[in-house]
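Engineer: Need coordinates for the following:
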Amino acid sequence: MKTSYEDCIKACQQCLVACQNCLAKMAGKESHNDCPMCCALCIDACLAAIKFMAADSSFAKEYCKLCMDVCAWCAEHCQEHDHRHCKECAESCLRCIEQCRKVVLAADMV
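Structural biologist: Next up, the predicted model:
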């Protein structure tokens, strides 16, 4: 595994945990937007990105791009809620986007 992936993997792991927490706390609650659905899909996107980076796959860049898109969608929807867990989820998604962007840009330089 490339050492350049370490920070991104950590950010994806933290995002996955924040999304799981948000999803669990939103279960059964009404939402005016795609939360908690975005959290469920963000968990999957982060997990896939982690797996491809850990395997040092040539597809890691593409999975990080997808993860960025899903995290952006999730952050947008979770930011609309006043719940603390939603705010924490959105912040974690934004940090994940930042780290995934670094992976994507580094891959473009190669």
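Engineer: Can you report how many residues lie near Cys96?
Structural biologist: Using other C-beta atoms under 10 Å, Cys96 has 32 neighbouring residues. Every C-beta, even on glycine, is put in place using the N, C-alpha and C of the backbone.
Engineer: which parts of stretch 98-105 are buried?
Structural biologist: By neighbour count on 16 or more other C-beta atoms under 10 Å, the buried set for stretch 98-105 is 99-100, 102-104.
Engineer: repeat for stretch 40-47
Structural biologist: Buried residues in stretch 40-47 (16+ other C-beta under 10 Å): 40-43, 45-46.
Engineer: And what about Tyr7, helix, strand or coil?
Structural biologist: One correction, residue 7 is Asp, not Tyr. Here Asp7 is recorded as helix under DSSP: H, G, I helix; E, B strand; the rest coil.
Engineer: Apart from its chain neighbours, what residue comes closest to it?
Structural biologist: In this structure, Asp7 finds its nearest non-sequential neighbour in Gln99, 5.3 Å apart by C-beta to C-beta, 6 or more residues apart in numbering.
Engineer: wait, the one you found sits on Gln13?
Structural biologist: No - taking contacts as C-beta atoms under 8 Å, Gln99 lies outside contact range of Gln13: 10.6 Å.
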